[in-house]
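>>> After the sequence you'll find the predicted model.
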Amino acid sequence: MTVAQYALQKRYGNAFTTLLKMREIKNKQLSQQTITEFSAQLQEQIDANPVITVTAKLAELRTWRHILNRSTISFSTENGNLNTVALYCQNGYQRFSELPVKSYQVPETYGSCYLAVQGEADTQITYREEGDARFGLYL
């Protein structure tokens, strides 16, 4: 996915990670000005969306991942079954065995995190974030 596609889906952390990875492409130069401008645009979009809701459909034998943008998360399924829902962080780990997750406050000490979800193909999931922005943890 491109930076713009992630941003349209409100997956700002993923967009920023993709932007940073673009700096590592051989024989291509991504200026610091470009990174700064895109980062500012992503931050503006996060600020304009105090509640971020993402819906997705799981694919067979794939893990759905979402980099957290905010401090409080909730998670539910519309149909289908899940095998694993876990939060992987720089300094912590949280596996969710009971679903739906109504409201989970991610400790700031965990650092940057992403949610990983595995389950049956075509399972529809809804993920919601709110609270303090965590975007600065990636900068």
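Sure, I can see it.
>>> Residue 56 in helix, strand or coil?
Three-state call for residue 56 (DSSP: H, G, I helix; E, B strand; the rest coil): strand.
>>> and it, how many neighbours?
By other Cβ atoms under 10 Å, the residues close to residue 56 number 15. Placement of C-beta: from N, CA and C, glycine included.
>>> Quick one: residues contacting it.
For residue 56, the contact set (Cβ atoms under 8 Å, 6 or more residues apart in numbering) comprises 64, 124-125, 127.
>>> quick one, longest helix in this protein?
Selection of the longest helix in the chain by residue count, based on DSSP state H, yields helix 32-48.
>>> Report all helices and strands that that one contacts.
helix 3-8, helix 12-22 (3 or more Cβ pairs under 8 Å, 6 or more residues apart in numbering; DSSP states H and E).
>>> Could you identify which of these has the lowest mean pLDDT?
The weakest mean pLDDT among the helices and strands packed on helix 32-48 belongs to helix 3-8, with a mean of 49.
>>> quick one: residue 79 and residue 121 touch, right?
No: the criterion here is Cβ atoms under 8 Å, and residue 79 misses it with residue 121 at 11.5 Å.
>>> Neighbour-wise, which one of the contacts of residue 56 leads?
residue 125 (24 neighbours).
>>> Could you check how far that residue is from residue 64?
From residue 125 over to residue 64 the distance is 7 Å, taken as Cβ to Cβ, to the nearest Å.
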